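>>> With the sequence up front, the predicted model follows.
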Amino acid sequence: MVLPRSVSTPAGKTAAPSPAVPPVRRPRDRRGAAVRCGLMAVPVVFLAVFFGYPVAVITARGLKSEGHWHLGRLTEVVTDPDVLHVLWFTTWQAAASTALTLALGLPGAYVFARFAFPGKRLLRAVVTVPFVLPTVVVGTAFLALLGRGGLLDELWGVRLDTTVWAILLAHVFFNYAVVVRTVGGLWAQLDPRQEEAARVLGAGRLAAWRRVTLPALAPAVAAAALMVFLFSFTSFGVVQILGGPHYATLEVEIYRQTAQLLDLPTAAVLTLVQLAAVAALLMVHARTVRRRESTLRLVDPALTARRPRGPGQWALLGAVLVQIALLILLPLGVLVRRSFEGPDGYTLDYYRALGSVPDSGSAFLTPPIDAIGNSLRYAAVATLIALLIGGLAAAALTLGGKRGGRLVRGFDALLMLPLGTSAVTVGFGFLIALDEPPLDLRASWLLVPLAQALVGVPFVVRTMVPVLRAVDHRLREAAAVLGAAPLRVWREVDLPLVGRALGIAAGFAFAVSLGEFGATVFIARPDNPTLPVAVARFLGRAGDLNYGQAMALSTILMLVCAVSLFVLERIRTQHAGEF
């Protein structure tokens, strides 16, 4: 029998504390720890085989030759002033892009979460379209908007290409949906009566929001900020096109060292630097976010959205709509216009050419239009894989509330590493590592959805974890007291309450799979290209016809995404999913 640390005497005085006795580990605690480890096992094996192993193999190829490691190359590269400048610019522009995206995206998240207005579903789908576009297409769109002969140059003689502002605006365009979806998804479920109660007690509107709503949103805001930072930190296509010779991120430099200079050792060192920086960021993020998390009162989002009231709310709605029109719709409109703009005026020739059988000198073995079906099939399979792996990981992270210590924090950071790793490294790693039994997958169609799922898993985890941790732990405890096993508690208590998070996760995984380019470009078979790969092939070939077909495919990709997300919006109405 374990005695209490102190006891009260009959006179009401406290006796000296008894010696500390190690806590007894209850069978239920042991069972919970075993279940958590079991849930972690599948994601860990998946990441080890399809992420850790390929990256380790390609890095070893760069730093090892003739059986000897050349670690001196590490010091040479990391002390190079040019590399230090690249690292500083990579970090600075990622931080600035994140701050600007949050500043513009949080008002949009509030509008989509709290306001009901005509066309809301369609607009939410349109806002997500930029996120699935290949970064080379995003860069091309902003080049047509901000560069020589672009819209701003035609109207006012203003050029912003080869400037930091073009890069920052393109990153906001690309990542705006991350903030709106991630933060808005949780914001829509927060009970507004908590903030109203604070105002009744005398707090102003801003004070009530800052003291009640903002702390509740902190995990979602932190998750959105982390994803935006990682995507900006590893930016490639946008910086390559808009940055010109003056600006380069680590990702651009890795590509230059690998594909242009054939300097694999330097590329391997830069990959390790990028991995180390991202790992440190993820560990700090995991520690700080867990300290801020708290149980929230979640309600049906249908009860929180209402028509704007008063001039202030209508003005906010109008400002967000204007913001979306200028930031999202205008660049997309430029792409659509270019897809119809021929040498002799507007034409449909570029779209007709997509269905034609390629000639012997073409970059395609099948009609380019076939890339649409390929992308949809690959994205669907990748979404299922990401939901399975990410769902198990999210359940492991939230099992038992906030307990788990360093193991859980390390596991949480591990799940995000694919977002911070060079896609060039992952693509080459797949080709080199997965070509021998029992992992001879280089000729298998599964290689593409596996690579796409790597970037989908972090979105599933980051979307589901804040809501799972917000579920009242007393519901789980009540089910456990009634005899339910941990897996049954998850199935019958957690799962029905996190339908929205599951819908958001599926939508994000599908979206990023459609637009994944960095790794897919190396592993997609020539006879089964995806839409982003097909666009890149056209952009890499000279001629108005190739450029027009690239813009036509980009327009089709936008339409496919918009229709898919709008269908998911309809499902959200019936099954409480965000998309």
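Structure received.

>>> drop to CA atoms for contacts and neighbour counts, all remaining ones
Will do.

>>> Endpoint to endpoint, stretch 530-548 covers what distance?
18 Å (CA to CA, to the nearest Å).

>>> Pull out the buried residues from it.
530-539, 545-548 (16 or more other CA atoms under 10 Å).

>>> So which of those residues is the closest to Ala95?
Among the buried residues of stretch 530-548, Pro532 lies closest to Ala95 (CA to CA), at 26.9 Å.

>>> got a list of what that closest one touches?
By CA atoms under 8 Å, 6 or more residues apart in numbering, Pro532 lies in contact with Leu133, Pro134, Leu514, Gly515, Glu516, Phe517, Ser554.

>>> between those, which has the most around it?
Leu514 (31 neighbours; other CA atoms under 10 Å).

>>> A helix includes it, no?
Yes. Under DSSP: H, G, I helix; E, B strand; the rest coil, Leu514 sits within a helix.

>>> From Ala94, how far out is the nearest residue to it once chain neighbours are set aside?
In space, and not counting its chain neighbours, Leu514 is closest to Ala379: 5.6 Å by CA to CA, 6 or more residues apart in numbering. Here the criterion is CA to CA. By it, Ala379 lies 27 Å from Ala94.

>>> Repeat that for Phe430.
27 Å.

>>> can you check Arg159 too?
Arg159 sits 22 Å away from Ala94, going by CA to CA.

>>> higher neighbour count, the two?
Neighbours were counted for Arg159 and for Ala94 using other CA under 10 Å; Ala94 has more, 24 against 19.

>>> picking up where we left off before, okay, now the residue nearest to Leu514: neighbour count?
Around Ala379 there are 27 residues (other CA under 10 Å).

>>> So which bits of the helix or strand Gly333 falls within are buried?
If you go by DSSP states H and E, Gly333 is part of helix 330-340. Buried residues in helix 330-340, counted by 16+ other CA under 10 Å: Leu330, Pro331, Leu332, Val334, Leu335, Val336, Arg338, Ser339, Phe340.

>>> now for the very next helix or strand once past that helix, which elements pack on it?
Per DSSP H and E, the first helix or strand lying C-terminal to helix 330-340 is strand 341-342. When contacts are defined as 3 or more CA pairs under 8 Å, 6 or more residues apart in numbering; DSSP states H and E, strand 341-342 sits against helix 544-575.

>>> need the contact list for the nearest residue to Gly515 once chain neighbours are set aside.
Leaving aside its chain neighbours, Gly515 sits nearest to Val132 (4.2 Å; criterion: CA to CA, 6+ apart). By CA under 8 Å, 6+ apart, Val132 lies in contact with Ala511, Val512, Ser513, Leu514, Gly515, Glu516, Cys561.

>>> Check what pLDDT Val132 gets.
Val132 carries a pLDDT value of 73.

>>> coming back round to it: return the member of the contacts of Val132 nearest to Leu388.
Nearest to Leu388 out of those is Ser513 (CA to CA; 14.9 Å).

>>> pull the longest helix from the chain.
helix 81-114 (DSSP state H).

>>> export whichever helix or strand comes after that helix as PDB, just CAs?
With elements assigned by DSSP H and E, the helix or strand that comes after helix 81-114 is helix 120-132. The C-alpha coordinates for helix 120-132 follow below in PDB (Å, rounded to 0.1, in the frame of the first residue of the first chain):
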ATOM      1  CA  LYS A 120     -19.000  30.900 -49.900                       C
ATOM      2  CA  ARG A 121     -18.500  27.300 -50.900                       C
ATOM      3  CA  LEU A 122     -17.300  28.100 -54.400                       C
ATOM      4  CA  LEU A 123     -15.000  30.900 -53.100                       C
ATOM      5  CA  ARG A 124     -13.500  28.500 -50.500                       C
ATOM      6  CA  ALA A 125     -12.700  26.100 -53.300                       C
ATOM      7  CA  VAL A 126     -11.200  28.800 -55.500                       C
ATOM      8  CA  VAL A 127      -9.000  30.000 -52.600                       C
ATOM      9  CA  THR A 128      -7.500  26.600 -52.400                       C
ATOM     10  CA  VAL A 129      -6.700  26.300 -56.100                       C
ATOM     11  CA  PRO A 130      -3.300  28.200 -55.900                       C
ATOM     12  CA  PHE A 131      -2.000  25.700 -53.300                       C
ATOM     13  CA  VAL A 132      -2.200  22.800 -55.700                       C
END
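
>>> Does anything pack onto whichever strand or helix holds Phe459? Which helices or strands?
Phe459 is located in helix 447-470, with elements delineated by DSSP H and E. Under the contact criterion of 3+ CA pairs under 8 Å, 6+ apart, helix 447-470 touches helix 214-233, helix 370-398, helix 405-416, helix 499-515, helix 520-523.

>>> tell me the most buried of the ones you listed?
helix 499-515 (a mean of 26; mean count of other CA atoms under 10 Å).

>>> Now find how far off-centre it is within its chain.
How far helix 499-515 lies from its chain's middle: 10 Å, per CA atoms, centre = their mean, to the nearest Å.

>>> got the angle between that helix and helix 447-470?
160 degrees (axes from the mean of the first three to the mean of the last three CA atoms, to 10 degrees).

>>> what helices or strands is helix 499-515 leaning on?
Other elements packing on helix 499-515 under the criterion 3+ CA pairs under 8 Å, 6+ apart are helix 120-132, helix 164-187, helix 370-398, helix 447-470, helix 531-539, helix 544-575.

>>> Tell me the buried residues in the second one?
Think helix 164-187. By 16+ other CA under 10 Å, the buried positions in helix 164-187 come out as 164, 166-187.

>>> tell me what that helix is packed against?
Against helix 164-187 (3+ CA pairs under 8 Å, 6+ apart) you get helix 81-114, helix 120-132, helix 135-146, helix 214-233, helix 237-242, helix 499-515.

>>> quick one: which of those helices is nearest Leu261?
Closest among those, once you apply CA to CA, is helix 81-114, at 15.1 Å.

>>> Give the other helices and strands that that closest one contacts.
Checking 3+ CA pairs under 8 Å, 6+ apart, helix 81-114 ends up next to helix 164-187, helix 214-233, helix 250-255, helix 310-324.

>>> switch the cut-off to 6 Å
helix 164-187, helix 214-233 (3 or more CA pairs under 6 Å, 6 or more residues apart in numbering; DSSP states H and E).

>>> CA atoms of the shortest one as PDB?
In this case it means helix 214-233. Extracted in PDB, the C-alpha atoms of helix 214-233 (Å, rounded to 0.1, in the frame of the first residue of the first chain):
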ATOM      1  CA  LEU A 214      -6.700  33.900 -29.700                       C
ATOM      2  CA  PRO A 215      -5.400  31.500 -27.000                       C
ATOM      3  CA  ALA A 216      -7.800  28.900 -28.200                       C
ATOM      4  CA  LEU A 217      -6.700  29.400 -31.800                       C
ATOM      5  CA  ALA A 218      -3.000  29.400 -30.900                       C
ATOM      6  CA  PRO A 219      -2.300  25.700 -31.800                       C
ATOM      7  CA  ALA A 220      -4.000  26.100 -35.200                       C
ATOM      8  CA  VAL A 221      -2.200  29.400 -35.900                       C
ATOM      9  CA  ALA A 222       1.100  27.900 -34.900                       C
ATOM     10  CA  ALA A 223       0.400  24.900 -37.200                       C
ATOM     11  CA  ALA A 224      -0.500  27.100 -40.100                       C
ATOM     12  CA  ALA A 225       2.600  29.300 -39.500                       C
ATOM     13  CA  LEU A 226       4.800  26.300 -39.400                       C
ATOM     14  CA  MET A 227       3.500  24.900 -42.700                       C
ATOM     15  CA  VAL A 228       3.800  28.300 -44.400                       C
ATOM     16  CA  PHE A 229       7.400  28.700 -43.200                       C
ATOM     17  CA  LEU A 230       8.400  25.300 -44.300                       C
ATOM     18  CA  PHE A 231       6.900  25.800 -47.800                       C
ATOM     19  CA  SER A 232       8.600  29.200 -48.100                       C
ATOM     20  CA  PHE A 233      11.900  27.800 -46.600                       C
END
